[in-house]
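Chemist: after the sequence you'll find the predicted model.
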Amino acid sequence: MTLENIAFDSSLKLKKGNSGITLNVTDCREEGGSTTGEILPLLINGHTIEEYQTIYHSVVDSMVSTASGQPHPYSLELGLRIKQHLWEKLC
C-alpha cells in the first residue's frame, strides 16, 4: 500500500506493521492541548481499511460491469453515480 497523493500533517507518524498501517498520535495535539500517546488504526470515514475496501467493492464492482461481466464504458455520469452510492453507503 502506498500513501501517494494524500494530504496529511507532517507531525503525524505512520507506522506499517503486521496489523496494517497505524497512526501514532503522540506528537499530535488535541483541542485541549494534551498529547494522547496512543497508537490508533488508520481509518477512512470511520472504517478500517478492510471495512472500507469491502464497502467500496460492494458498491463499485456491481456498477462498473454488466450482468454478463463486460465492463461499462466509463463516463462522468457513471463516476458521479458511483461517488453518490459510495457516499450513501459510508454515511
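Modeler: Thanks, I have the structure now. Numbering: from 1, shown residues only.
Chemist: contact partners of stretch 71-87?
Modeler: 55-56, 59-60, 63-66 (CB atoms under 8 Å, 6 or more residues apart in numbering). (Glycine included, C-beta is placed from N, CA and C.)
Chemist: could you dump those to TSV with pLDDT, neighbour count and secondary structure?
Modeler: TSV is the format used below for the contacts of stretch 71-87 (pLDDT from 0 to 100; neighbours: other CB atoms under 10 Å; DSSP: H, G, I helix; E, B strand; the rest coil):
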residue	pLDDT	neighbour count	secondary structure
I55	95	16	helix
Y56	94	16	helix
V59	93	20	helix
V60	93	14	helix
M63	91	13	helix
V64	92	14	coil
S65	89	12	strand
T66	85	9	coil
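Chemist: could those residues be laid out in CSV, adding distance to Y74?
Modeler: Shown next, in CSV, are those (distance: CB to CB, whole Å):
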residue, distance to Y74
I55, 21
Y56, 16
V59, 15
V60, 12
M63, 11
V64, 8
S65, 11
T66, 13
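Chemist: most widely separated two among these?
Modeler: I55 and T66 (21.8 Å; CB to CB).
Chemist: from I55, how far out is P41?
Modeler: 16 Å (CB to CB, to the nearest Å).
Chemist: who does the closest residue to Y52 other than its chain neighbours form a beta bridge with?
Modeler: Spatial nearest neighbour of Y52, chain neighbours left out: I44 (4.3 Å); criterion: CB to CB, 6 or more residues apart in numbering. Under the criterion DSSP bridges, I44 forms beta bridges with H47.
Chemist: which stretches of the chain have low pLDDT?
Modeler: 1-36 (pLDDT under 70).
Chemist: please, where are all the helices along it?
Modeler: Here the chain has its helices, by DSSP state H, at 49-63, 76-90.
Chemist: got TSV for those helices, with distance to Q70 too?
Modeler: Output for those, formatted as TSV (distance: least, CB to CB, whole Å):
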stretch	distance to Q70
helix 49-63	13
helix 76-90	14
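Chemist: so which of these is nearest G37?
Modeler: For the helices of the chain, proximity to G37 was assessed by CB to CB; helix 49-63 is nearest, at 22.9 Å.
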